[in-house]
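Peer 1: A structural model of the following input is requested.
(one chain, ligands or ions: 2)
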Amino acid sequence: MRLLVTGAAGFIGSNLIHLLRHERSEWSIRVLDSLTYAGHAGNLEPHLGDQSVELIVGDVANTADVNRAVEGVDAILHLAAESHVDRSILGSAAFVQTNVVGTHRLLEAARKSGLPMIIISTDEVYGDLGPKDPAFTEQHPIKPSSPYSASKAAADHFGLSFVRTYDQDVRITRCCNNYGPRQFPEKLIPFMIGQILQGAPCPMYGDGQQVRDWIHVDDHNRAVLAVLEKGEAGEVYNIGAREELTNLQVVEQLGLALERTVEIEFVADRPGHDRRYAVNPAKIERDLHWQPTVDWKTGLSSTVQWYLDNSEWIESIKSGAYKSYLKSNYGHR
Ligand code: NAD
Ligand code: DAU
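Peer 2: Residues are numbered from 1 along each chain as shown. Ligands and ions are numbered 1, 2, ... in the order given. Below is the predicted model:
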């Protein structure tokens, strides 16, 4: 298998490459990544160094970059995205460009070359749930709340329209919140680990009772592999681990794992904040025989340990731009 993975210098993609090198070592892998603030070539080491992975630094919204990247591959896993809800609230133009235009460029290239393409989407396209609502199935209406989730929903709609119009092999996965190594420290878990270790307050948006469904990144990536190897063209697969926790519970459990006191500071809520996500993964469990294997307690403990052991990784990505993002997002709260 010759695989193109977009966005693999980021969190989920880099974990996917490490998994593939371990479990599908005979595959040849090409990465297309523009190395935004969230993408780091170092996340792909040692595989770039040993030349088992080829990195093309390029933009998914650029036709020439995309055409070069699809040349000679058998399938595309499309992860590249602007992925942070808070940044999409501060400004959404980059989300339209990468998530909508970029996905469209890749769909066109996949169509011309007759390649299967898997779009790595998100449970956020479904909007949010009330406390007693059943978890999202693949039939749930698409009702995005944030500019980020609207851009992901638009990409999904383009993908499914290409299935219907051109009979193209496009598959879509919609996963819940991931945690694990190498997550950029603007997302809840790595950000709060940093705050707790510095003895700084943990800013909880609103009342902290929002619920997220958490999955270890390796379980998500194994589900994506199952969709690549056993999934059907035109199908949507929800991915989740049935691990619902409030944000306050997550942060309290981080304090316990780090053996540090946690100081919670309730701050102004995220505009349009989704209250609860919960994913029903029955379809992928039944049809593709995938199941999550990492329980929350074990996964959280190994994740916390990774951040403790890799403080130099965290320091290396805290650029001036990171500090100005923190000011824009938290300064006024
Ligand atoms: P991330 O922000 O950590 O990484 C995104 C990667 O995409 C980075 O390497 C970045 O450089 C690259 N990229 C951004 N714009 C690009 C462009 N125009 N051209 C080429 N590369 C570009 O994101 P992540 O958390 O690893 O998420 C990966 C995918 O999974 C995204 O599509 C996201 O929507 C989806 N997803 C994420 C989660 C989660 O909990 N993190 C859950 C469900 C789905
Ligand atoms: O559900 C899947 C989605 O999960 C992915 O599609 C997104 O790419 C990914 O970023 C994630 O989105 P969330 O908005 O759920 O993740 P985030 O880590 O930004 O926030 C998780 C929750 O924690 C959310 O309810 C907001 C809250 N939060 C977050 C931060 C950074 C706070 O209360 N304070 C904070 O400082």
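
Peer 1: make sure Arg174 is indeed in a strand.
Peer 2: Yes: counting by DSSP: H, G, I helix; E, B strand; the rest coil, Arg174 is found in a strand.

Peer 1: and it, how far from ligand 1?
Peer 2: The gap separating Arg174 from ligand 1 is 7 Å, by Cβ to the nearest ligand atom, to the nearest Å. C-beta here means a position set from N, CA and C on the backbone, and glycine is covered the same way.

Peer 1: so what's that residue up against?
Peer 2: Applying Cβ atoms under 8 Å, 6 or more residues apart in numbering, we find Arg174 in contact with 121-123, 125-126, 136, 138, 156, 236-239, 279.

Peer 1: who wins on neighbours among these?
Peer 2: When neighbours are counted by other Cβ atoms under 10 Å, Ile239 leads the contacts of Arg174 with 30 neighbours.

Peer 1: excluding its backbone neighbours, what's nearest that one?
Peer 2: In space, and not counting its chain neighbours, Ile239 is closest to Cys175: 4.0 Å by Cβ to Cβ, 6 or more residues apart in numbering.

Peer 1: count of neighbours near that neighbour?
Peer 2: Other residues near Cys175 come to 27 when the count uses other Cβ under 10 Å.

Peer 1: ok, Ala61 - contacts?
Peer 2: So Ala61 contacts 97-98, 101-102, 105 (Cβ under 8 Å, 6+ apart).

Peer 1: hang on, isn't the residue nearest to Ile239 packed against Val279?
Peer 2: Yes: contact status for Cys175 versus Val279: in contact at 7.3 Å, counting by Cβ atoms under 8 Å.

Peer 1: quick check: neighbours shared by the two?
Peer 2: Both Cys175 and Val279 are contacted by 123, 238-240, under the criterion Cβ under 8 Å, 6+ apart.

Peer 1: and Gln51, that's in a strand?
Peer 2: No: looking at Gln51 with three-state DSSP, it is coil, so not inside a strand.

Peer 1: number of nearby residues for it?
Peer 2: Close neighbours of Gln51, defined as other Cβ under 10 Å, add up to 7.

Peer 1: give me the phi and psi for it.
Peer 2: Gln51 adopts backbone torsions of phi 60, psi 20, taken as degrees, to the nearest 10.

Peer 1: list the contacts of the residue of the chain most remote from its centre.
Peer 2: Within the chain, the residue lying farthest from the chain centre (Cα atoms, centre = their mean) is Thr261, at 29.1 Å. In this structure, Thr261 makes contact with Gly255, judged by Cβ under 8 Å, 6+ apart.

Peer 1: tell me the secondary structure for it?
Peer 2: Assigned by three-state DSSP, the conformation of Thr261 is coil.

Peer 1: thanks again, I'm all set now.
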